[in-house]
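Q: coords please:
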Amino acid sequence: MDTIFALSSGRPPAAISVVRISGPGAHGAAKAIAGSLPTARAAAVRELRHPATGELLDQVLVLRFDSPASSTGEDVVEFQCHGGRAVVDAVLSALAEIEGLRLAQPGEFTRRAFDNGRIDLTEAEGLADLIEAETDSQRKAALALAEGGLRNQIDLWQEQLLTISAQAERAIDYDEDHSPDPELARDCATLEVELREWLARPRVERLKDGVRVVVAGPPNVGKSSLLNALTGDERAIVTDIPGTTRDHIEVPLALGGVPVVLTDTAGLREAEDRVEAIGVARSAALVEAADVLVWLGQPAQAPLHPRTIRVHAKVDLVDRGRAPDDSLAVSAVTGEGLGALLERIAEMAITLLPTEGAIALNRRQAQHITEVADALGDSARSEDLVLVAENLRVARMAFDRLTGRAGLEDVLDALFSRFCLGK
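A: Next up, the predicted model:
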């Protein structure tokens, strides 16, 4: 195993920069540049000197961690240096000249923590999300994963599953007709119900990517004007010519801390122009995939959608008349109704997001939990103990893929490539 090093803090200049070394040669390399090291899990001030010339590089705080009680599970040394570019470059250059050391790849420190059992795959995913978090809600959801919230829950599920599996194996050994015990079926069904309840929770993707709010309707009903008014920016071209919008326009917004992606679409109509027809087809697909639909047009013509906000637009015009009872009166020109519309969008959007601090599953995690639930359901309904035991084995393997204990090299490579150098 190579010994790796990298700058683990932000790019200089900064008040302090942290350089981390991890691997079997970490202590030896650190001694070559810092002289003696402090005792494990203690800090001490040392002078860093170039291993070849003895030139003074910096006076730093040195921390030592011994395997396996370190962040990576290996011997680790950290230098807290002054954060100037020249200082950091000098320290990194000196380390690069020590035999057996190499610069770490992006995410390699965290990958080693995973390989050495310090974290599981769900915690690694939480760390990746924590690094990328841009809102407080994203931070809290990522922290719940990174601190092992899902891992602890999976441990409980796996313990129940192992108990059920042991019951099935004992029954196979001692029950000659291999007919399942009703208690065994009930245990499988009970665990399946619990997993299904977790799968019904709001997913993390909407929290990370934003709730998709699609503005749709026939041509020239004010969709682009409304988007511009809601965003406070001239993002969409507005004319009185039908079919001006040929493709959709997306604008990310935060409504009271709720992340949304507001999408303007081409007017829905029978289009003769080939380019406009492509835009109309895309609009129809976006309406179908929308989390929240803002419909401008006749209320009766609104597509069937579980979360529709009907808008009576252009109420500043004399001929628009009174808004129907089930529609919001809005004017992009005067601003009338815009606040109420944004509030309604936020109210609908927040119901699709995980509650703050709750453990929210991502798509990969939900897929494997679904595999476990399906296998448990098959076990609960099966009349053959051998098939029950096989389904339970499939469930255990799905849990192993969920935590990263089974082969997922492509998933691991994609995940750890999201980390920065030195993480």
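Q: can you name the residues bridging to H312?
A: Beta-bridge pairing for H312 (DSSP bridges): A329.
Q: ok, it - contacts?
A: Each residue near H312 by C-beta atoms under 8 Å, 6 or more residues apart in numbering is listed here: R320, A323, P324, S327, L328, A329, V330. Quick note: C-beta positions are derived from backbone N, CA and C, even for glycine.
Q: now do L57
A: I33, L48, R49, H50, V87, A90, V91, A94.
Q: what helices and strands are in contact with the lengthiest helix in the chain?
A: Within the chain, and with DSSP state H defining each element, the longest helix by residue count is helix 149-174. Judged by 3 or more C-beta pairs under 8 Å, 6 or more residues apart in numbering; DSSP states H and E, the packing partners of helix 149-174 are helix 121-132, helix 182-199, helix 363-381, helix 385-403.
Q: in a helix, L63, correct?
A: No: counting by DSSP: H, G, I helix; E, B strand; the rest coil, L63 falls outside a helix, being strand.
Q: most neighbours among the contacts of H312, please name it.
A: Within the contacts of H312, most neighbours by other C-beta atoms under 10 Å means V330, with 28 neighbours.
Q: and it, what is it in contact with?
A: Contacts of V330 by C-beta under 8 Å, 6+ apart are L226, V311, H312, A313, V315, E336, G337, L338, A340, L341.
Q: show me the strands in the chain, by range?
A: 3-7, 14-22, 43-49, 56-65, 76-83, 101-103, 211-216, 249-255, 258-264, 292-296, 308-312, 328-329 (DSSP state E).
Q: isn't E205 right up against L361?
A: No: look at E205 against L361 with C-beta atoms under 8 Å: they stay out of range, at 9.4 Å.
Q: neighbour-wise, which of those two wins?
A: L361 (23 against 13).
Q: any idea how far L342 lies from G297?
A: Using C-beta to C-beta, to the nearest Å, one gets 20 Å for the distance from L342 to G297.
Q: which strand residues bridge V214?
A: With DSSP bridges as the rule, V214 is bridged to T263, L293.
Q: who touches it in this structure?
A: V214 neighbours (C-beta under 8 Å, 6+ apart): T263, T265, L286, V287, A289, A290, V292, L293, V294.
Q: how many neighbouring residues does the first one have?
A: Here the neighbour count serves as a burial measure; for T263 (other C-beta under 10 Å) it reads 22.
Q: quick check, pLDDT for it.
A: We have a pLDDT of 89 for T263.
Q: for the contacts of L57, could you give me CSV that also reports neighbour count and pLDDT?
A: Converted to CSV, the contacts of L57 look like this (neighbours: other C-beta atoms under 10 Å; pLDDT from 0 to 100):
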residue, neighbour count, pLDDT
I33, 24, 95
L48, 24, 95
R49, 17, 95
H50, 16, 94
V87, 19, 95
A90, 18, 95
V91, 23, 95
A94, 22, 95
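Q: brilliant, that's me finished.
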